[in-house]
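Asks: Attaching a predicted model along with its sequence, questions to come.
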There are 2 protein chains.
Amino acid sequence: MKKYAFGVDIGGTTVKLGLFEAGGEILEKWEIPTVKDNNGAPILPDIAESIAHKMKQKGIENSEVEGVGVGVPGAVVGDGYLVSRAVNLGWEPFDVAGTLSEYLKLPVRAANDANVAAFGEMWKGGGKGHENMVAVTLGTGVGGGIIVDGRILIGANGAGGEIGHIHMEDDETEICGCKNKGCLEQYASATGIVRLANRRLAKDAAPSVLRDGEVTAKTVFDAVKAGDPVANEIAEQFGEYLGKGLAAIANVVNPEIFVIGGGVSKAGDILLKLVRPAFDKYAFAPCRAAEFALATLGNDAGIIGAAALILKK
Amino acid sequence: MKKYAFGVDIGGTTVKLGLFEAGGEILEKWEIPTVKDNNGAPILPDIAESIAHKMKQKGIENSEVEGVGVGVPGAVVGDGYLVSRAVNLGWEPFDVAGTLSEYLKLPVRAANDANVAAFGEMWKGGGKGHENMVAVTLGTGVGGGIIVDGRILIGANGAGGEIGHIHMEDDETEICGCKNKGCLEQYASATGIVRLANRRLAKDAAPSVLRDGEVTAKTVFDAVKAGDPVANEIAEQFGEYLGKGLAAIANVVNPEIFVIGGGVSKAGDILLKLVRPAFDKYAFAPCRAAEFALATLGNDAGIIGAAALILKK
């Protein structure tokens, strides 16, 4: 009987691994370093060795393992083929799932890490109970993952849910990492909030606690909570961009729920309050029913979602 | 052995019906009037009677029919439950597929008519060979249908692919049918093109053949083909809005292909040329690979897509 599965989340610095019961409970989690020498050639052998070691330690046979799910920081299609360079790992396109499956003699499925984290949030986190969900990750950039009828929306070449580069602003002069100008990510990420803050602070001399130290997404939201009017303006502008962007997404995929995670989401419920007015203003009426929730799995979303690739039926 | 299926496309004036071979060939097509008396109560009984009559005429037994697919002008979820009022028919929410299945003692599946037409274009039309497709219907309004991995994206409450109301323009003063301002539909529909044309013509006295008669989407595109510079400006503005809107959609669902239909698409290939520059400018690089094609099934897309609900495996 299949009693176990493994979830693997490959990052640029560490690989997170988890041993799961078939029901989805985490039994154990651990990390190994991501060795990027030789274009990341050691990464999959290291993962295979770590899983084999854990199985031996626990006395788990191959016949008891349903499979291994893997989140990869790159564009992945099908059951686990990397179709673009994964720059953080040094990987060129190849069959990630097939290769790891060869090493382990176990079924392997791999997907893009943001999509996998979204899948985890649907399975066990902020989106639990929903089958049509958009996960929004507000970190250094803006990422996302879309779940339609309980399945990851992969897209033609693995870029489904790459919502950070929706064009929002014709007047932008700074260039986004994607080489366009005016992307959602330029306003709704941690660095985007700093951009909005610096522009607002430069506009006039209105007093604000933000003038006293380093401006970060955290200091902006802390200032909002402390009642700083300038910080509030900045946060409202952020909410206008993000709400308008999410309204466009809602008009395309009509999700039941948006689940917001990433570092910026540590600001908490205030985030949902900031986004809702613009969302309600710009979303098509039938799509306005979407709920908003915060992600709850934190750094475990990756390994949980990876396990879900194997265990969620 | 199941040799046949029926495809039904319910419109506000007529119901189109088709008898199909299991392989997807249309054997016969016909229409009946849509009788909207008594909140459209006769519509399904009329369809059932028409199908039963056709089966008797052709000597087809129930056991030979795989099922009946139906396109409904309203928001439909699951296998055929109408979840909002279908104003064109007078229908309140009810189980369309279940009810027709009771009448006919045959399997029935129903879906939103725009989604069904998209499904048809994927099966036999402009999107043939693709499993990830966005159909864009440029008619009086702008509608759409999204196919992900060969399945219709229905969404939480049947509004998946309702792309006409993506917000495009903050400065719009006229109100869209959806009560918002600045929707894609206000610029990229037949009426939207007329709006852009009238605004351009009012701006100055630049000579244009468009000043000589009624301005319609057709006269605008005819004038473009005849080399009218003012018409060309209007068409480029239309292309800018539509290309930018489709770029946002591409950044969400990463389709292999956009298939453009509806009355405006009669303008032909020029449409695709107008859309491409803005699409390429605003789409995230990995999503830029999307192809553009014209819809090819015309008014048959509805019955073909409806049959596909039953026949496409």
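Replies: Received it, and whenever you're ready, just let me know what you need.

Asks: and the residue lying closest to A:Gly150 once chain neighbours are set aside, what element?
Replies: Counting by Cβ to Cβ, 6 or more residues apart in numbering or on different chains, A:Gly150 lies nearest to A:Glu131, which is 4.2 Å off, once chain neighbours are set aside. Yep, even glycine has a C-beta here, placed from its N, CA and C like the rest. Using DSSP states H and E, A:Glu131 is not contained in any helix or strand.

Asks: Same question for A:Arg199.
Replies: Per DSSP H and E: helix A:190-203 holds A:Arg199.

Asks: circling back: the residue nearest to A:Gly150 against A:Ile147, yeah?
Replies: Yes: judged on Cβ atoms under 8 Å, A:Glu131 makes contact with A:Ile147 at a distance of 6.8 Å.

Asks: Can you tell me the SS state at A:Lys273?
Replies: On the three-state scheme (DSSP: H, G, I helix; E, B strand; the rest coil), A:Lys273 is labelled helix.

Asks: What number of neighbouring residues does it come out with?
Replies: 12 (other Cβ atoms under 10 Å in any protein chain shown).

Asks: Could you find the closest non-adjacent residue to it?
Replies: Leaving aside its sequence neighbours, A:Lys273 sits nearest to A:Gly239 (Cβ to Cβ, 6+ apart; 7.9 Å).

Asks: for A:Glu233, same thing?
Replies: Excluding the flanking residues, the one nearest A:Glu233 by Cβ to Cβ, 6+ apart is A:Arg200, at 6.0 Å.

Asks: ok, now which ones touch that neighbour?
Replies: A:230, A:233-234, A:237 (Cβ atoms under 8 Å, 6 or more residues apart in numbering or on different chains).

Asks: Also A:Ala52?
Replies: Applying Cβ under 8 Å, 6+ apart to A:Ala52 gives the contacts A:Leu104.

Asks: And the helices in chain A?
Replies: Using DSSP state H, the helices found in chain A span residues A:37-40, A:43-58, A:96-104, A:113-124, A:185-188, A:190-203, A:217-225, A:229-253, A:269-282, A:301-311.

Asks: could I get those as CSV with mean pLDDT and distance to A:Ala289?
Replies: As requested, the helices of chain A are exported to CSV (pLDDT from 0 to 100; distance: least, Cβ to Cβ, whole Å):
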stretch, mean pLDDT, distance to A:Ala289
helix A:37-40, 96, 44
helix A:43-58, 98, 41
helix A:96-104, 98, 36
helix A:113-124, 97, 18
helix A:185-188, 97, 22
helix A:190-203, 97, 27
helix A:217-225, 97, 27
helix A:229-253, 98, 9
helix A:269-282, 97, 10
helix A:301-311, 98, 25
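
Asks: mind putting the ones you listed in a markdown table, distance to A:Ile175 included?
Replies: Converted to a markdown table, those look like this (distance: least, Cβ to Cβ, whole Å):
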| stretch | distance to A:Ile175 |
| --- | --- |
| helix A:37-40 | 28 |
| helix A:43-58 | 31 |
| helix A:96-104 | 31 |
| helix A:113-124 | 22 |
| helix A:185-188 | 9 |
| helix A:190-203 | 12 |
| helix A:217-225 | 21 |
| helix A:229-253 | 17 |
| helix A:269-282 | 25 |
| helix A:301-311 | 30 |
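
Asks: re the thing from before, burial of the residue nearest to A:Gly150, as a residue count?
Replies: Neighbour number of A:Glu131 under other Cβ under 10 Å is 15.

Asks: if I look at the residue positioned nearest the centre of chain A, how far off is chain B?
Replies: Nearest residue to the geometric centre of chain A (Cα atoms, centre = their mean): A:Ala114, 3.7 Å. In this view, A:Ala114 and chain B are 13 Å apart by Cβ to the nearest Cβ, to the nearest Å.

Asks: I figured that residue was touching A:Gly143, is that so?
Replies: Yes: using Cβ under 8 Å, A:Ala114 makes contact with A:Gly143 at a distance of 4.3 Å.

Asks: Show me the common contact partners of those two, please.
Replies: A:137, A:161.

Asks: and the residue nearest to A:Gly150, what is it in contact with?
Replies: Applying Cβ under 8 Å, 6+ apart to A:Glu131 gives the contacts A:122, A:147-150, A:256.

Asks: any idea which of those is closest to chain B?
Replies: Closest to chain B out of the contacts of A:Glu131 is A:Glu256 (4.0 Å), distances taken as Cβ to the nearest Cβ.

Asks: Would you list the phi and psi of the closest one?
Replies: Note on A:Glu256: backbone dihedrals following degrees, to the nearest 10 are phi -80, psi -30.

Asks: Contacts only, for the residue lying closest to it once chain neighbours are set aside.
Replies: Spatial nearest neighbour of A:Glu256, chain neighbours left out: B:Ala156 (4.0 Å); criterion: Cβ to Cβ, 6+ apart. By Cβ under 8 Å, 6+ apart, the residues touching B:Ala156 are A:132, A:254-256, A:287, A:289-290.

Asks: Same check on A:Gly78?
Replies: If you count contacts by Cβ under 8 Å, 6+ apart, A:Gly78 has them with A:Ile154.

Asks: On the pLDDT front, check the most far-flung residue of chain A relative to its centre for me.
Replies: Within chain A, the residue lying farthest from the chain centre (Cα atoms, centre = their mean) is A:Ala205, at 37.0 Å. What the model reports for A:Ala205 is a pLDDT of 96.

Asks: Kindly report the same for A:Lys2.
Replies: A:Lys2 carries a pLDDT score of 83 in this model.

Asks: from memory it sits against A:Ile60, does it?
Replies: No: the criterion here is Cβ under 8 Å, and A:Lys2 misses it with A:Ile60 at 10.9 Å.

Asks: the more surrounded of these two?
Replies: Neighbours were tallied for A:Lys2 and for A:Ile60 using other Cβ under 10 Å; the higher tally belongs to A:Ile60 (17 against 13).

Asks: Look up phi and psi at A:Ile60.
Replies: When read as degrees, to the nearest 10, the backbone of A:Ile60 gives phi -100, psi 130.

Asks: so the helix holding A:Arg199 versus helix A:217-225, what angle?
Replies: Using axes from the mean of the first three to the mean of the last three Cα atoms, to 10 degrees, one finds that helix A:190-203 and helix A:217-225 are set 60 degrees apart in direction.

Asks: And helix A:190-203, how far out from the chain middle?
Replies: Distance, stretch centre to chain centre, for helix A:190-203: 24 Å (Cα atoms, centre = their mean, to the nearest Å).

Asks: Likewise for stretch A:104-114?
Replies: 17 Å.

Asks: outside of it, which residues touch it?
Replies: Here stretch A:104-114 makes contact (Cβ under 8 Å, 6+ apart) with A:9-11, A:48, A:51-52, A:62, A:65-76, A:79-80, A:82, A:96-98, A:100-101, A:119, A:135, A:137, A:143-145, A:152, A:154, A:158, A:161, A:302, A:309-310.

Asks: So chain A: which segments form each domain?
Replies: A:4-121+A:300-311, A:128-296 (automatic domain parsing).

Asks: What separates the first and last residues of the shortest one, distance-wise?
Replies: End-to-end distance of domain A:4-121+A:300-311 (Cα to Cα, to the nearest Å): 9 Å.
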